[in-house]
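J.: Got a sequence here, can you model it:
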Amino acid sequence: MNTSTRADQGSGNIQAVNGRGVVVTGGASGIGKAIAEAFLANGDRVAVLDRTEGDGTIRVDVADEASVRAAFAEARDRLRGIDVLVNSAGLLTESPLGEMTLAMWNETLTVDLTGVFLCCREVVGEMRQRKWGRIINIASQLAIKGGVGLTHYSAAKAGVVGFSKALALETAADNVLVNCIAPGPIDTPLVEGISESWKAAKRAELPLRRFGTPVEVAPAAVLLASDPGGNLFVGQTLGPNSGDVMP
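T.: Below you'll find the model as predicted:
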């Protein structure tokens, strides 16, 4: 069985007039949208980057280098600089390894891992020069424990965690702090393409016996970007995961 859904579909741009400049990729739906709305409520200026353009959203394909470069140039102009980056755009597909095509593997790694690299690369220079910045990468608890039918997704998200730790070591001395959020299963469009049997089995495993909601994840992003609340988080992975992983 091969099923798939994209997390960054939808439309809607969210902007405020004060505060920091915040870019949220995959910000038109699911966790990304909730995070964008949380930063807006915090008084920040927010630019939503998403695969589907609409209502002022900046269109981006995070797997395409030229698209990322153009989207971040537009976001930078709108926001008068980028202080916070949240990488939330993602792809989730399901397949047993023995049935998985190379195309499915490559697509997942390109969107979920290479996309994070491309977006981080667009902002890290200006943040280091300014001596302040916050980068928050959305990983998954499956980066830690793995998941049946999700070897490619687990590998990509584990890569995000490792990438974030390494980048944190490069940039912390310049007060550019890089961290991850690794949610458990969340009720979003991302999981709609996953089989009901998988979701039922996963709910039964969780100590809370339920999936989370995007608004329960978003405050972690605001915390990591806050001053002074987020100032000591360096290369860390926060886990709003319904108890699925207890490090």
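
J.: remind me which residues of this structure are low pLDDT?
T.: Within the chain, the stretches with pLDDT under 70 are 1-18.

J.: Enumerate every residue touching the residue nearest in space to the middle of the chain.
T.: In the chain, the C-alpha nearest the mean C-alpha coordinate belongs to Ser88, at 2.2 Å (CA atoms, centre = their mean). Ser88 is in contact with Ala7, Asp8, Val24, Thr25, Gly26, Gly27, Gly30, Ile31, Gly32, Ile35, Ile138, counting by CB atoms under 8 Å, 6 or more residues apart in numbering. Every residue, glycine included, has its C-beta placed from N, CA and C.

J.: which non-adjacent residue is nearest it?
T.: Gly32 (3.5 Å; CB to CB, 6 or more residues apart in numbering).

J.: Tell me the spacing between the residue nearest to the centre of the chain and Ala139.
T.: 11 Å (CB to CB, to the nearest Å).

J.: again, but for Gly235
T.: 12 Å.

J.: what's the answer for Ala168, then?
T.: 13 Å.

J.: How about Arg51?
T.: Arg51 is 19 Å from Ala139, by CB to CB.

J.: ok, these two, which is more surrounded?
T.: Between Arg51 and Ala139, counting by other CB atoms under 10 Å, Ala139 is the more crowded of the two (29 against 23).

J.: Show the backbone phi and psi for the more buried one.
T.: Torsion angles at Ala139 (phi, psi; degrees, to the nearest 10) stand at phi -100, psi -130.

J.: nearest spatial neighbour of Ile186, skipping sequence neighbours?
T.: Nearest one to Ile186, counting by CB to CB, 6+ apart, is Gly212 at 4.7 Å.

J.: what sits against the residue nearest to Ser88?
T.: Ala7, Asp8, Val24, Thr25, Gly26, Val48, Asp50, Val86, Ser88, Ala89, Ile138.

J.: Mind giving me the packing neighbours of the longest helix along the chain?
T.: Determined from DSSP state H, the single longest helix within the chain is helix 151-171. When contacts are defined as 3 or more CB pairs under 8 Å, 6 or more residues apart in numbering; DSSP states H and E, helix 151-171 packs onto strand 91-94, helix 102-109, helix 115-130, strand 133-138, helix 142-145, strand 176-181.

J.: Now do the buried residues in the second one.
T.: Of all the residues in helix 102-109, those buried under the rule 16 or more other CB atoms under 10 Å are Met104, Trp105, Glu107, Thr108, Leu109.

J.: Distance-wise, check the fourth one relative to Ser95.
T.: Pointing back at Thr108 there. According to CB to CB, Thr108 and Ser95 sit 10 Å apart.
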